[in-house]
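> sequence and predicted structure, then a few things I'm wondering about:
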Amino acid sequence: MLLLAAPVAWAAPKDEARRHFNMGIEYIAAGDYERGIAEFKLANEILPHPVVLYNIARAYADIQDYENAILYFEEYLLTNPIDRAEVESYINTMRARQEAKLAPPPVEGGGGGSTSGGGARPVGPVATADELAALQRHAQELQALATRLAEREQALADAAAAAEAGGEGGVEGGAGGVEGGGANLPPTDGGDAPLALSEKGLVEDLYARVVVTASRFAQDPLTAPAAVTIISQDDIRMSTASTVAELLQTVPGLDMMQLTAANPEVSIRGFNQRLSNKVLVLVDGRTVYMDFIGSTLWSSLPITLEDIERIEIIRGPGSAIYGANAFGGVINIITRAPGDVSQQNQVSSAGGTAGLARGSVNLAGRQDRLAWKTTAGVQQLGRWVQDADPSRVDLGSPYGADASSVQSATASAMLQWQLSEKGFVSVSGGVNDGLSEFYSLGALRLFGIDSTSTNARVDLGLGPLYVRSFYNRFGATAQAWYTPTSGEVLGGDILSQAWDTEAQFNEAFGANNQHVLTAGVGFRLKTIDWVFLTPGVKVEPHVNGYIQQQSTFGPVTLNGAIRIDRHPLDNVGTRPTARLSMVTRVGEGRVVRLNGGNAFRNPTFLESYTDLFLSTGVDGVLVNSMGSEVVRERTDPNFNLEPEKIRSVELGFLDQSSDSFRFEVAAYGYQVLDLIDLGSVSAVENQLDFDDTQGAYIAGESRFENEAPVFWAGGGEIEGAWFGVPGLDVRLNYSFERIVSVDEDGESTPSNAHPTHKGHAVVAWRSPWDLDLSMTVSGYSAQSWPIRSYDAAGQVVVDLVDVDAYTIISNKLVWHPFGYDDLDLSASAWNWLALLQGPHTEYPLGQPVGARLYGGVAYRF
Amino acid sequence: MTLALFLIAACAYVPPIDSANPDYPDTAGLSGTVLVSLSEGVPGRGHVLVYDVLNPPPPSGLGSPVDLATISPSEFEGAQGGVTSAPWAIAGLGLGTYLVTALIDNDENFSPFFDFAAGATCGDTVGAYLTDLTTQAPAPVVIDALPAQIDGLVVTAAKTLSTERPAFDVDGFTLGAPAPFGANTLSLDRSVTDTAQIVNLQSRAVNHPLLTLNGPEAAACASSFLVRLLDLDQDGEVDPHPNPSYAALGLKDAYPKVYLILAADLQGNPVDPADGRYVSEAVVATDIFMAPYGEYVAGDSFLSPSLPAVFLPAALHIAADGSETVVQGADMPAGLWATVVVQDTGQIWVVPNDLGDAALAAQYGWDLEGFASQGPAGLIPIQ
């Protein structure tokens, strides 16, 4: 059997599987069943899928090879499909036909033929010993394969159901799930009439890319109303990345800068900063945006790399779909579906230089309709540098000299019960506990954050209705990493909590489901208790509602979305956002996309309620940093802090016409207004007052305020992927961006606080010798960052600090001594150029970024 | 095995030190205890002030503190009316030699932000880190290497002031004789070397939202000049001025010290700090106190509502690099000069000061009326 053929080399399994599957479809459509079945089997070997098994069985049935048809249908049944009864009935029919064919000719008049004991003895083909041995061997192999497939299948079914219900947890290939109509077999007649098979077997483009984040429902990127990048699990497997953020490094248009090993800052299409706050990050659709600082603490996410099924990156504003904070884009980290063992249970660990040590366990399984998964992991990344000598007598640190940049443990679990074909309920939760370092805002520098991040979640899918409710809790103690021996330790406890409930309706209708209506409402209650803010727990209830309609008319697909978000603070109030896109098919697999819209970012708790007293360099004199609500309460009732706003227009072209390559180009223009930052220090009234609470004099105050200049940004990305040679995957992309600020007098100033040019090349090769190789090269042009500080008079002073151009080169070697699905031994060299040229800096205040050399072992079972 | 080695490498990792990180420069820290001795009551807000020894505080210099630590009254522990103490700490100092003083603001009218409020007033308790109790002179704290941390410095504040700060107006003057007060016809001539030019200062009351000082007529804590006719050698005679040139003119050594500091050119353009400082001492005319009345003797201290000082057309130029040069006569720059009065209690007053700052008055809604003489109008022109 082809299943036993020599391993086929591949590096982008999905793309190669897709190519073989589509070729199989074409052969069978042309009546060439033998070659069609062979292509199906290759596809299934590369990326097993129950529907492929079904298709193989169906093809055999079509040519009345019932023995093989039954074999593959039985494999299919081992995946525990929902249409089990129908398929069993189908198998019975085929067995009956087989028996009918094998039965001896009727005995006429009792004569003829030999008899024994008066009973009729069947006469027919008898399998040879070799054939029997081969069948037995096949059966064992298939049994092993089927065991894995059984669990994967349920996961796919669950995920597909979730995707249909609009859940962002939908997985690629969901359209080929097993929820299709059952096989309505004709009565067993023992004849040779063609069997009436389920239409499921005709599912095309089984391995097609599917994106669920762009529109909140599963769709082909060809119809997505935004530029989308997908990082698959195979990309992750061949990557040298040690963190989620490092995985994002090669995404076109995305800016990822490492301030510390634990502190990446991520933005999309510019406007990156310390505590980057313009990208909405989701884990299975659950926001992990930290409302109190407006950023994502990547090191506190309760996920392991091995648990990630894929990551979808949506470039461009997304508030019309996701509300506030989807300013520059959306990153949705989609973890494995429960019961999904297609990526197999796995134990892995790694260790190496720069203090890297990791380990994880990922388990999943299912029992009938109950699917589960769990993951647990530990991670340690050493600090690139120690910002100060730990033996210094004038400085102290609460974290000790040997503290890592991040040291954390995480665990999560999920249970899902399949209520029906399109109904499910799931309960999940996770926890991450650890210490990490990060650079804070303004004059604050390196901080340590000792945190416990937990979440609990319930999802309910009932056909077109999807309801999700979750609770996020982030408890931490954050302190300045270094404090003068004679000074006060700046920092304190944080308790951030959020309760979020969303209900979404998603229904396709019309001819060929040409219309898709999506509508939803949501409620979010956020609280924060933090020593940096005014005393007491802050509570903010938020409500939202949105509606989206996607309709296809001939070659044109229109998508319009409107959303309204209600913020409890008057200066934010009710904010409408909209997005409109038109995708025009200009050829098979080729589209031109034009879209535009607006988005906004809410002021964070920090920007609204800060009441923080910072050193001026004179120990007894402090400056009060104030959030907007504090200013309104104390000094200026009319003070207004507007949300940050963005308006966008984008033109893109996507070519997916070939199974061997993919090409996309996008150009955009942005207008960005009301960016929020800390302003100059102004003298407080009655400076004679001594602040007994602070034990100091208060020299002045600075406020979070909207910057006056309007920013204009323009740029584009061009990316291509080529996987025309088995085993070889080549991806290239280049991004360009220019940003200028225009002040109130109309004077424009270019901004170079981002790499104007950046490019990435990823080459992965799965050789025929159980060795996989990958190489990633990333290049970034020089930058010039405005670093704000205060002069002696307390006025904001902006110094431009250059960051040199830099290149990151990484390589990975993976060896599978016992085959692909068993044991992996790997050696990785991340940013090894630093060993030759020295570490580079990605942000003026960031630590130098060095190399990591590490080895890893992963065992799948 | 390999993985085990890698894991060991991970655990044994010691990150390199970024010793050049500008965010965490090597510094020195000081810490210790403030001991406050009060005959009654409880301490007010405590202040520990650190001065560069090259720019010492009054009365030995005109320096401003390089750092300031504050202590809330609640931090003082000890018996009421006795000795109380509280910890203090200063961070972020560089190399140098420092003097550490204490000011306990018992009447809570100190502010580091306004020059007219940034000093000890009557009723405040002052002191210093001392090693020689006989001289009561602040002891130097030497930081000759960084990083450094010096702990255990005990700053003793035991002297509660009974005199007020010497707030004053500059009056007009005539050559060779005390000027009639009130005539703002002031102008000094740097070319006149053969005739004494007298600057008269008149003590004044201050009634400002941020600071109240009693007038010179007050029975206690009058804002008068505390005149002290020095007789350090205790020979019964007022000591000659320590500057031999001035002593040769018959000038005596006395407090307050009066200094003129170049503030602007004659058109009012502020001096460029890069050009250094010009400081001229106007010597208190002790004879004016002693000759007409005769009752004052060497070593006496007494309050006077006015303070005549003799201007001599000479100044010390302190360049930006610290070098010092004496300039005389026409070599003195013409310009507008500020007046500083330093009492031997360490209390000082400067004219002009923030009381007369029209911009500040407008910003804070202060009433400028009555304080115009504390502003630029108080600058003394030297032609």
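Thanks, I have it.

> any idea what the closest residue in space to A:L525 that isn't next to it in sequence is bridged to?
Using C-beta to C-beta, 6 or more residues apart in numbering or on different chains and skipping the chain neighbours, the partner closest in space to A:L525 is A:W499 (4.6 Å). In short, each C-beta sits where N, CA and C put it, glycine included. Beta-bridge pairing of A:W499 under DSSP bridges involves A:Y471, A:L525.

> pretty sure A:W499 is in contact with A:V539, am I right?
No: judged on C-beta atoms under 8 Å, A:W499 makes no contact with A:V539 at a distance of 10.8 Å.

> which residues do these two both contact?
Residues touching both A:W499 and A:V539 (C-beta atoms under 8 Å, 6 or more residues apart in numbering or on different chains) are A:L525.

> these two: which is more packed in?
It is A:W499, of A:W499 and A:V539, that has more neighbours when counted by other C-beta atoms under 10 Å in any protein chain shown, with 15 against 12.

> which residues in the stretch 701-850 of chain A form helices?
A:833-837 (DSSP state H, counting those that start in this stretch).

> chain B contacts on that one?
A:845, A:847-848 (C-beta under 8 Å from any C-beta of the partner chain).

> most neighbours out of these, which is it?
Counting neighbours by other C-beta under 10 Å, A:Q847 leads these with 26 neighbours.

> show me the contacts for that one.
A:258-261, A:383-385, A:387, A:841, B:18.

> go again with 6 Å.
A:260, A:384-385 (C-beta atoms under 6 Å, 6 or more residues apart in numbering or on different chains).

> now the helices for the stretch 1-150 of chain B?
In the stretch 1-150 of chain B, the segments counted as helices under DSSP H, counting those that start in this stretch are B:2-11.

> shaky segments in the stretch 251-383 of chain B?
For the stretch 251-383 of chain B, applying pLDDT under 70 flags the ranges B:290-295.

> find the closest residue to chain A in it.
At 6.7 Å from chain A, B:Y364 is the closest residue in the stretch 251-383 of chain B, using C-beta to the nearest C-beta.

> look up phi and psi at that residue.
phi -100, psi 0 (degrees, to the nearest 10).

> which is the next helix or strand following the helix or strand bottoming out on mean pLDDT in chain A?
Lowest by mean pLDDT, DSSP states H and E among the helices and strands of chain A is helix A:129-164, with a mean of 51. As assigned by DSSP states H and E, the chain's next helix or strand after helix A:129-164 is strand A:227-232.

> report the next helix or strand after that following strand in sequence order.
helix A:233-237.

> ok, now how distant is the closest residue to A:S657 other than its chain neighbours from chain B?
Take A:S657 and drop its neighbours on the chain: the residue closest to it by C-beta to C-beta, 6+ apart is A:G589, 3.2 Å away. For A:G589, the distance to chain B (C-beta to the nearest C-beta, to the nearest Å) stands at 44 Å.

> quick check: A:G589 touching A:Q656?
Yes: contact criterion C-beta atoms under 6 Å: A:G589 and A:Q656 qualify, at 4.4 Å.

> contacts for the helix or strand hosting A:E507 next, please.
Assessed by DSSP H and E, A:E507 sits inside strand A:491-509. Outside of strand A:491-509, the residues within contact range by C-beta under 6 Å, 6+ apart are A:166, A:217, A:292, A:464-480, A:515-531.

> of these, buried ones?
A:166, A:217, A:292, A:464-468, A:470-480, A:515-520, A:522, A:524, A:526-530 (16 or more other C-beta atoms under 10 Å in any protein chain shown).

> and the contacts of A:Q847 near chain B, which?
Near chain B, taking C-beta under 6 Å from any C-beta of the partner chain as the test, the members of the contacts of A:Q847 found are A:V385.

> neighbour-wise, which one of the contacts of A:Q847 leads?
A:W384 (26 neighbours).

> need the contact list for the residue nearest the centre of chain B.
Nearest to the mean C-alpha position of chain B, counting by C-alpha atoms, centre = their mean, stands B:P58 at 4.1 Å. Contacts for B:P58 (C-beta under 6 Å, 6+ apart) come out as B:342, B:346, B:348.

> where does the second one land in three-state SS?
Assigned state for B:G346: coil (three-state reduction, DSSP: H, G, I helix; E, B strand; the rest coil).

> so it touches B:P59, yeah?
Yes: when contacts are counted by C-beta under 6 Å, B:G346 is listed as touching B:P59 (5.2 Å).

> neighbours around residue 86, how many?
If you meant another chain, say so; for now it's chain A. 16.

> hm, I was asking about chain B
By other C-beta under 10 Å, neighbour count at B:A86 equals 20.

> model confidence for the residue nearest to A:L525, exactly?
pLDDT for A:W499: 97.

> show me the strands in the stretch 101-250 of chain B, by range?
B:125-129, B:140-143, B:148-160, B:168-170, B:197-203, B:206-208, B:211-213, B:225-229 (DSSP state E, counting those that start in this stretch).

> which one of these lies closest to B:P313?
Proximity to B:P313, assessed across the strands of the stretch 101-250 of chain B by C-beta to C-beta, is greatest for strand B:197-203 (8.0 Å).

> just the angle between the closest one and strand B:225-229, please?
Relative orientation of strand B:197-203 versus strand B:225-229 (axes from the mean of the first three to the mean of the last three C-alpha atoms, to 10 degrees): 130 degrees.

> how close does A:I698 sit to A:F509?
Between A:I698 and A:F509 the distance is 63 Å, computed by C-beta to C-beta, to the nearest Å.

> those two: which has the busier surroundings?
For A:I698 versus A:F509, the count of surrounding residues by other C-beta under 10 Å is larger for A:I698: 20 against 11.
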